[in-house]
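J.: let me see the structure of the following:
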Amino acid sequence: MIYSGETKTAGKTYPRFTLVYRKLEGNRVRKNFSSLESSKREAEILATRLSNGQSDVTKLTKADVAELMAARLCLESLEVSVSTAVREYVTALKRLPPGSTLFEAVESFAKRHPANMPRKLVAELVSEFIEDRRSGGCSAHNLRDLNIRLGRFARAFAMPLASIEPSTLREYIRSLTNGSTGAPAMNRSKENILRAIKSLFNFARKQRYIPREIADEIAEVAAPKGEVSKIGIYTPVEVTCILNQVEGENRSALAIAAFAGLRLSEVSRIDWKEVKLAERFIVVEANKAKTAARRVIPMSENLAAWLAQDVRKEGPVSSAPNDNALGDRFERAAVRAKVGWQRNGFRHSWISYRVAVTKNVAQTALEAGNSPRVIFSSYRELVSEKDAEAWFKIKPSNETTNLIPLKTAAA
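T.: Numbering: from 1, shown residues only. Below is the predicted model:
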């Protein structure tokens with residue numbers, strides 16, 4: 001302890017500061033100083049010696065004093081005492097792996113700390129991420145989906161990416177609505193958006209824009225539980241009615257969707273050069289496939305009959321500007337045919353009937369550009385083999401082998 005007081009010498013009064021401490025043996029010691037500064041300095045030296053188990057703290061060499069004074073000068077700007085600095089240094093060093101230094105640990109920590117990383121706004125990072133995916137060969141369909149999902153996310157979070165908390169992201173996903181109707185978004189849509197956001201955070205981690213800890217926390221945000229929805233398919237009679245309501249390019253595009261199982265996004269981008277009528281197959285190039293993987297789909301004889309009516313050497317099969325517009329045209333044809341519209345119904349139908357014909361889930365998955373797990377769990381045994389055979393025998397009305405005359409289908 002340090003006590004302040006006064007002392008008189010030759011009739012004058014001077015300040016006096018008394019340092020009182022006990023040795024390890026228990027002896028009480030008193031030392032007087034003329035300034036508070038000198039008494040504090042001595043107290044630090046004594047505290048250090050006592051903490052090291054040195055009972056005779058008064059026996060300091062000139063070298064000891066010089067080292068302590070130098071250490072004290074180094075710590076003045078931090079306002080930390082020598083004893084505190086020594087204790088923290090020893091504690092930290094004991095927790096490091098053998099051979100490591102405290103400086104190395106601090107350097108590693110500083111590099112990963114958000115304060116020392118670039119402050120990237122969400123919108124900036126979204127643009128950079130999408131450009132990276134584009135240069136990496138991501139399909140136009142996937143790029144459009146990323147633009148829509150992450151663009152909406154960027155508008156909702158006009159802030160640095162590192163500032164987004166997992167709880168905030170959970171609430172954002174929970175409250176998502178359908179952009180057209182304002183109704184709560186389907187869980188499948190929420191899951192797709194969350195997957196895109198997690199990819200964005202992972203990209204930011206790889207670019208050293210955020211520390212791994214933040215990306216890991218976002219990765220742990222659980223996706224909404226998916227709804228169990230029944231796969232909607234068309235019967236042979238229904239698809240015949242719909243085909244009867246379209247003509248020209250729309251008819252060829254619809255036939256490809258129904259009898260080759262292409263996604264609408266793929267149908268809208270396919271060119272007649274990729275329709276190999278003579279060889280009886282259709283090529284979906286990697287840059288036009290949703291999965292960015294090239295695949296070849298065998299062409300059934302009935303599909304060849306539909307395409308033979310409008311086949312060209314080159315040019316887009318569909319005249320619609322995009323897959324949404326193409327889907328609208330197909331839906332209007334279904335309305336005219338008085339057939340209930342099934343979202344993705346043509347592709348779902350083809351997969352179901354194709355599995356029934358081939359009895360080979362892996363083969364159908366390869367042709368459809370899907371996973372065998374999804375094919376097996378969602379499509380297998382939805383239709384009979386007899387219905388499947390009828391599906392792949394549907395031909396234009398001028399074909400004498402057509403098993404479903406249009407007048408019967410419309411009845």
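
J.: the host helix or strand of I375: how far from the chain's middle?
T.: Secondary-structure element containing I375, defined by DSSP states H and E: helix 372-378. For helix 372-378, the gap between its own C-alpha mean and the chain's C-alpha mean amounts to 24 Å (CA atoms, centre = their mean, to the nearest Å).

J.: tell me what that helix is packed against?
T.: Helix 372-378 is packed against helix 361-368, with contacts defined by 3 or more CB pairs under 8 Å, 6 or more residues apart in numbering; DSSP states H and E. In short, each C-beta sits where N, CA and C put it, glycine included.

J.: so, low pLDDT: which residues of the protein?
T.: Applying pLDDT under 70 to the chain flags residues 22-27, 48-60, 106-117, 226-230, 377-381, 398-411.

J.: name the nearest residue to L176, ignoring sequence neighbours.
T.: Setting aside the residues directly before and after it, L176 is nearest to A185 in space (CB to CB, 6 or more residues apart in numbering), at 4.2 Å.

J.: you'd agree the one you found is up against Y172?
T.: No - contact between A185 and Y172 fails when scored by CB atoms under 8 Å: they sit 11.2 Å apart.

J.: thinking again about what came up before, show me what the helix holding I375 is in contact with.
T.: 231, 351, 355, 361-362, 364-365, 368 (CB atoms under 8 Å, 6 or more residues apart in numbering).

J.: check these and tell me the two furthest apart.
T.: The distance between the two most remote of those (CB to CB) is 19.1 Å, for I231 and A362.

J.: the residue nearest to L176: neighbouring residues, count only.
T.: Around A185 sit 19 other residues, with neighbours defined as other CB atoms under 10 Å.

J.: from R149, how far out is it?
T.: In this structure, A185 and R149 are 11 Å apart, going by CB to CB, to the nearest Å.

J.: got any residues that touch both of these two?
T.: Where contact means CB under 8 Å, 6+ apart, the residues bridging A185 and R149 through contact with each are I193.

J.: so for the host helix or strand of F259, what gets flagged as buried?
T.: Assessed by DSSP H and E, F259 sits inside helix 248-260. Burial within helix 248-260, assessed by neighbour count using 16 or more other CB atoms under 10 Å, is assigned to 249-260.

J.: how about stretch 183-191?
T.: 185, 187, 189-191.

J.: between all of these, which two are separated the most?
T.: Using CB to CB for every pair in the buried residues of stretch 183-191, the one that comes out farthest apart is A185 and E191, at 9.9 Å.

J.: closest one of the buried residues of helix 248-260 to A305?
T.: For the buried residues of helix 248-260, with A305 as the reference and CB to CB as the criterion, the closest is A255, at 8.9 Å.

J.: residues contacting the closest one?
T.: Contacts of A255 (CB under 8 Å, 6+ apart): 243, 303, 306-307.

J.: what is the nearest of those residues to R347?
T.: Closest to R347, out of all of these and judged by CB to CB, is L303, at 13.9 Å.
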